[in-house]
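J.: Show me how the following folds:
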Amino acid sequence: QVLLVESGGGWVQAGGSLRLSCAASGGTFSSYAMGWFRQAPGKEREFVAGISRSADWAHSADSVRGRFTISRDYAKNTAYLQMNRLKPEDSAVYYCAAGLGEPNKHSSYEYWGQGTEVTVSS
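T.: I've put the predicted structure just below:
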């Protein structure tokens, strides 16, 4: 059983930056692909970014590409989402996920964090 705990959410003005962290425990961190998803009120949960087990592949959604970067630190068992040039439409609850499948597929992820809220004001 893998436990994921997100942190780093908060309030920021448009154009600002935040870095989300996802601390993993209870499993072998290097065995799992890691991903970030988000869900805004009234909308479905959507894929934001994913990174492979070995970090040799990373992919982000069109809506965030060039602004958001996913990374992972094996020594700290932690995944990150660096978010730059934030927009009001980025406001959502952001979820970290871990899974054994391909990092760009929602169905690959078995374990989920509790979420951290990001609010971007205009």
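
J.: Listing partners with orientation, what would you give for the helix or strand that contains T119?
T.: T119 belongs to strand 116-121 when assigned by DSSP states H and E. Strand 116-121 sits in its sheet next to strand 10-13 (parallel), strand 92-99 (antiparallel), going by DSSP bridges.

J.: Tell me the spacing between G42 and V93.
T.: Using CB to CB, to the nearest Å, we find G42 at a distance of 12 Å from V93. Where you see a C-beta, it was placed from the backbone N, CA and C, and this is true even at glycine.

J.: out of these two, which sits in the more crowded spot?
T.: Neighbour totals were compared for G42 and V93, and V93 leads with 17 against 5 (other CB atoms under 10 Å).

J.: Quick check: phi and psi at the most centrally placed residue in the chain.
T.: For the chain, the residue nearest the mean C-alpha position is W36 (2.4 Å; CA atoms, centre = their mean). Phi and psi for W36, reported as degrees, to the nearest 10, are phi -120, psi 140.

J.: Look up the residues forming beta bridges with it.
T.: A49, C96.

J.: Would you check that my belief about it contacting S71 is correct?
T.: No - here W36 lies out of contact with S71, judged by CB atoms under 8 Å, at a distance of 10.8 Å.

J.: so what sits against both of those two?
T.: A79 (CB atoms under 8 Å, 6 or more residues apart in numbering).

J.: How many residues are close by V12?
T.: Neighbour tally, V12, other CB under 10 Å: 17.

J.: Which of the three states applies to S30?
T.: Three-state assignment for S30 (DSSP: H, G, I helix; E, B strand; the rest coil): helix.

J.: Spit out the contact partners of it.
T.: S30 is in contact with 53-54, 74, counting by CB under 8 Å, 6+ apart.

J.: what would these look like in JSON lines with pLDDT?
T.: Formatted as JSON lines, those follow (pLDDT from 0 to 100):
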{"residue": "R53", "pLDDT": "95"}
{"residue": "S54", "pLDDT": "95"}
{"residue": "Y74", "pLDDT": "97"}
